[in-house]
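Peer 1: Sequence and predicted structure are below.
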Amino acid sequence: MAVQPVVTIQPGMVLAPVDMKVNSWSSGICDCCEDMGICCCAFWCFPCFMCKTASEFGECLCLPLLDPCSPVPPVSLAVRSSIRERYRIKGSICGDCCMVTCCNACAWCQMAREMKRHKQPLILTAPTTMPSVQPMGNYPSAPPSGLYPPMP
């Protein structure tokens with residue numbers, strides 16, 4: 001008969017780091033006139049504006065056209081929640097649901113302003129100093145002289 005090991009220490013609880021939501025929306029839900037380009041585009045052709053904004057966020061271009069099929073616009077809700085997650089904005093799915101149901105146009109304008117605020121150009125700069133190369137093991141640090149012709 002084999003002896004069963006006895007566990008004397010139980011494994012402890014491991015706490016995973018919580019992804020804290022620390023940011024707020026950069027503009028309020030009723031700040032539509034803060035960016036007149038966004039406001040006018042949403043006012044004059046709201047379906048086009050939703051599709052353009054969803055496409056810029058990385059979603060399918062025509063996906064927002066499914067919103068009128070439901071009393072609670074599912075695509076607007078999903079995009080708004082995703083924007084909150086991506087930019088670590090405080091809020092809840094319940095708050096998102098209320099916003100997109102009560103004033104969908106204002107919610108889309110707020111999302112577009114937030115995305116515009118977070119767009120930053122990628123700036124690449126060359127390093128100012130070259131990193132030093134350390135030889136590994138017994139390899140020579142430079143090629144033997146005389147093997148390569150001098151560079152002009």
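Peer 2: Structure received.
Peer 1: For the rest of this, base every contact and every neighbour count on C-alpha atoms.
Peer 2: Noted.
Peer 1: Tell me the buried residues in whichever helix in the chain runs longest?
Peer 2: Scanning the chain for the helix with the most residues, using DSSP state H, yields helix 104-118. Neighbour-count burial for helix 104-118 flags 104, 105, 106, 107, 108, 109, 110, 111, 112, 113, 114, 115 (criterion: 16 or more other CA atoms under 10 Å).
Peer 1: so how far is residue 4 from residue 26?
Peer 2: In this view, residue 26 and residue 4 are 60 Å apart by CA to CA, to the nearest Å.
Peer 1: Between the two, which is the more surrounded one?
Peer 2: Between residue 26 and residue 4, counting by other CA atoms under 10 Å, residue 26 is the more crowded of the two (14 against 6).
Peer 1: Distance check, that one against residue 5.
Peer 2: 58 Å.
Peer 1: likewise residue 80?
Peer 2: Residue 80 sits 53 Å away from residue 5, going by CA to CA.
Peer 1: These two: which has the busier surroundings?
Peer 2: The neighbour count for residue 80 versus residue 5, taken as other CA under 10 Å, is higher for residue 80 (22 against 6).
Peer 1: residues touching the nearest residue to residue 33 once chain neighbours are set aside, list them.
Peer 2: Nearest residue to residue 33 in three dimensions, chain neighbours excluded: residue 39, at 6.0 Å (CA to CA, 6 or more residues apart in numbering). Residues near residue 39 by CA atoms under 8 Å, 6 or more residues apart in numbering: 32, 33, 109.
Peer 1: quick check, nearest of the residues you listed to residue 94?
Peer 2: The shortest approach to residue 94 among these belongs to residue 109, at 18.9 Å (CA to CA).
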